[in-house]
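>>> just a sequence and a predicted model for now, questions to come.
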Amino acid sequence: MKPFLISISLFILISSVIHAQDHKAKIKQTASIYIDAFLKSDIPKTVQYMYPKYVNAHGGKDSLIKTIQNDNKVNEAGGAKLKSIIMDEPGKEAKYGNTIFSVIADSITFQYGPGTYYMKSAFIAISNDDGKSWTFASTADLNWLISVQPEVAKLNIPPTTPMQIISIDPSKQFPVQSTNNTPTIKYKLIGRRAIAMVVVTHNKEYLADTSSIRLIKDKWIKSMVIGAFTVNPDDTVKYGANAMNGVNKYIIDDEHYPKIYLQFIGLMKYVGPAD
């Protein structure tokens with residue numbers, strides 16, 4: 001190869017590397033604004049940086065803002081509070097047609113009652129203007145995202161890990177919901193689908209709703225398995241469509257409260273033996 005052609009090739013290579021680095025800096029800067037707005041409950045700014053097809057699928061900007069604000073109120077009433085979102089470095093870019101994608105892994109910490117929980121997940125940065133601007137899509141409802149943006153199926157998206165409890169504050173309790181004129185609370189994820197709630201007692205599993213869960217006192221619960229955001233297709237066979245976004249299990253302390261289940265088990269659907 002002639003020296004001139006070698007110089008041109010090197011120039012193209014160096015330019016492409018610098019261009020990618022510029023995109024990475026822009027992605028990190030924009031993602032930081034998006035996450036900060038989310039943590040501060042600045043919903044209008046949060047929605048501003050959401051993937052447009054997701055916003056449109058939920059009735060447009062104003063409609064989605066109201067929906068998320070209502071969901072936040074429900075989560076706060078239920079004792080759930082997001083504490084931190086720490087993102088990793090943006091992943092290698094992938095371009096399909098006029099759209100550029102970059103997967104960003106993140107670590108999420110949140111509090112529910114006396115427990116602080118931790119999980120790892122990911123979201124996707126998307127640009128349709130050659131990296132000049134970026135919006136972000138959650139992977140919590142991956143099937144929907146692939147249905148509107150099929151190229152997402154080609155990306156290397158790390159799996160969402162099960163929630164792990166990292167600390168307990170004994171001075172705090174799980175929230176007690178009043179049953180007097182209180183509407184049934186539907187716990188939702190951003191994907192707009194509820195999770196499944198299962199009570200485990202005497203080695204049997206019962207499908208619960210928020211009304212029956214309220215009957216269970218904190219002291220009756222031996223332990224909890226938090227499976228929200230952890231998608232297992234087999235769960236929908238046993239627990240129904242709500243399990244698309246995971247299953248939370250409440251394990252009753254049968255040793256100390258062997259007859260408690262008689263007070264509420266008639267309100268729940270038996271789904272089978274415990275795993």
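Sure, I can see it. Remember, predicted model here, so these are calculated numbers, not experimental data.
>>> please enumerate the helices of the stretch 101-250 of the chain.
142-148, 210-213, 235-239 (DSSP state H, counting those that start in this stretch).
>>> rank those helices by mean pLDDT and give me the bottom one.
Looking at the helices of the stretch 101-250 of the chain, the lowest mean pLDDT belongs to helix 210-213 (a mean of 74).
>>> could you export it as PDB, CA atoms only?
Extracted in PDB, the C-alpha atoms of helix 210-213 (Å, rounded to 0.1, in the frame of the first residue of the first chain):
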ATOM      1  CA  THR A 210     -53.200  -6.600  47.900                       C
ATOM      2  CA  SER A 211     -56.400  -6.900  49.900                       C
ATOM      3  CA  SER A 212     -55.400 -10.300  51.400                       C
ATOM      4  CA  ILE A 213     -51.700  -9.300  51.800                       C
END
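>>> check the offset of that helix from the chain's centre.
Helix 210-213 sits 22 Å away from the centroid of its parent chain (CA atoms, centre = their mean, to the nearest Å).
>>> what residues of that helix count as buried?
The neighbour-count check on helix 210-213 (16 or more other CB atoms under 10 Å) flags Thr210, Ser212, Ile213 as buried. Where C-beta positions appear, they are placed from N, C-alpha and C, glycine not excepted.
>>> closest to Ala241 among these?
Lowest distance from Ala241 to the buried residues of helix 210-213 (CB to CB) belongs to Thr210, with 16.4 Å.
>>> how far away is the closest one from Ser32?
Counting by CB to CB, to the nearest Å, the gap from Thr210 to Ser32 is 35 Å.
>>> where in the stretch 101-250 of the chain is pLDDT low?
168-194, 228-231 (pLDDT under 70).
>>> let's see that with 80 instead.
112-115, 162-195, 209-215, 218, 226-233, 241-242, 244-245 (pLDDT under 80).
>>> can you give me the strands for it?
115-127, 135-138, 164-168, 196-201, 204-208, 221-226, 247-252 (DSSP state E, counting those that start in this stretch).
>>> closest to Ile108 out of these?
strand 115-127 (5.3 Å).
>>> buried set for that closest one?
Buried residues in strand 115-127 (16+ other CB under 10 Å): 115-127.
>>> picking up where we left off before, pick the most buried one from the strands of the stretch 101-250 of the chain.
strand 196-201 (a mean of 23; mean count of other CB atoms under 10 Å).
>>> what angle sits between that one and strand 204-208?
Going by axes from the mean of the first three to the mean of the last three CA atoms, to 10 degrees, strand 196-201 is angled at 140 degrees with respect to strand 204-208.
>>> what angle sits between strand 196-201 and strand 221-226?
Using the same axes, to 10 degrees: strand 196-201 against strand 221-226 is 150 degrees.
>>> now for strand 196-201, which elements pack on it?
strand 204-208, helix 210-213, helix 235-239, strand 247-252 (3 or more CB pairs under 8 Å, 6 or more residues apart in numbering; DSSP states H and E).
>>> looking at those, which is closest to Ile226?
Once the helices and strands packed on strand 196-201 are compared by CB to CB, strand 247-252 is nearest, at 5.7 Å.
>>> report the next helix or strand after the closest one in sequence order.
Later in the chain than strand 247-252, the nearest helix or strand by DSSP states H and E is strand 269-273.
>>> partner strands of that next one and their direction?
strand 204-208 (antiparallel) (DSSP bridges).
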